[in-house]
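Student: Sharing a sequence plus its predicted fold:
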Amino acid sequence: MRCARDYSRIFWRSWLAAIALLACCSCALPGIVIYDDPLSAKERLMLGAAYEQEGRLDLAEAQYKRAARQEPLAHLFLGNVFFAQKDYDKAEKHYKTAIKKLPENPDPANNLAFLYCTLSKNLLTAKALAQKAIQLAPEENLSPYLHTAQCIEKKLGQQ
């Protein structure tokens, strides 16, 4: 017959074995690991532009979306990708966001104006946007903005 001391020893050995087992297994328990993004928002814009040049618009879109969290210019680039994909509603949304976040940049206003001209809609708004882009644009680089304004004037003349 076993005495109480034997049962106590068995209890403590079992207890220590259980603790040792838990200690060994605790390294394998799942945990949340947060990795820093190795690319900055500007680097994502450059990578997206490289994909866009190669015609890989899906990959460009993914990079621009990640960059848009920190870089407002990404909305302009997203608008361009969606315009190229003929997803005009998304392009319009991103151009409008870019206009709000980059009020001194003429490109979002110009691109939204060109989108409206392409779709022959909101032409009076397009004209105002084109004029805003011309006012914001540097004088040495007015030709794309003037081209958009001419496109709009032509469409207005056809109505």
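Tutor: Great, that's in hand.
Student: so where's this structure uncertain?
Tutor: When the per-residue scores of the chain are filtered using pLDDT under 70, the ranges that remain are 1-12, 15-18, 20-31, 33-37.
Student: Domain parsing of it, as residue ranges.
Tutor: According to automatic domain parsing, the chain comprises the domains 40-103, 104-159.
Student: Name the helix or strand for the residue minimising distance to the centre of the chain, please.
Tutor: Central residue of the chain (Cα atoms, centre = their mean): Lys65, 1.6 Å from the mean position. Assigning secondary structure by DSSP states H and E places Lys65 in helix 57-67.
Student: Now do that helix: everything it contacts.
Tutor: Outside of helix 57-67, the residues that reach it under the criterion Cβ atoms under 8 Å, 6 or more residues apart in numbering are 37, 41-42, 44-45, 47-49, 51-52, 73-74, 77-78, 81-82, 84-85. (Each C-beta comes from the backbone N, C-alpha and C, glycine too.)
Student: if we go to 6 Å?
Tutor: In this structure, residues lying in contact with helix 57-67 by Cβ atoms under 6 Å, 6 or more residues apart in numbering are 41, 44-45, 47-48, 51-52, 74, 77-78, 81, 85.
Student: again with stretch 75-85
Tutor: Residues outside stretch 75-85 that contact it (Cβ under 6 Å, 6+ apart): 57, 60-61, 64, 68, 90-91, 94-95, 97-98, 107-108, 111.
Student: Make a PyMOL selection of the buried ones in those.
Tutor: Selection command for PyMOL covering only the buried members of the contacts of stretch 75-85, criterion 16 or more other Cβ atoms under 10 Å:
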select buried, resi 57+60+61+64+68+91+94+95+97+98+107+108+111
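Student: ok, the contacts of stretch 75-85 vs Pro138, which is closest?
Tutor: Asp107 (11.5 Å; Cβ to Cβ).
Student: quick one: that closest one and Leu59, what's the gap?
Tutor: Summarising the geometry, the distance separating Asp107 from Leu59, computed by Cβ to Cβ, to the nearest Å, is 22 Å.
Student: Okay, and which of the contacts of helix 57-67 map to helices?
Tutor: 41, 44-45, 47-48, 51-52, 74, 77-78, 81 (DSSP state H).
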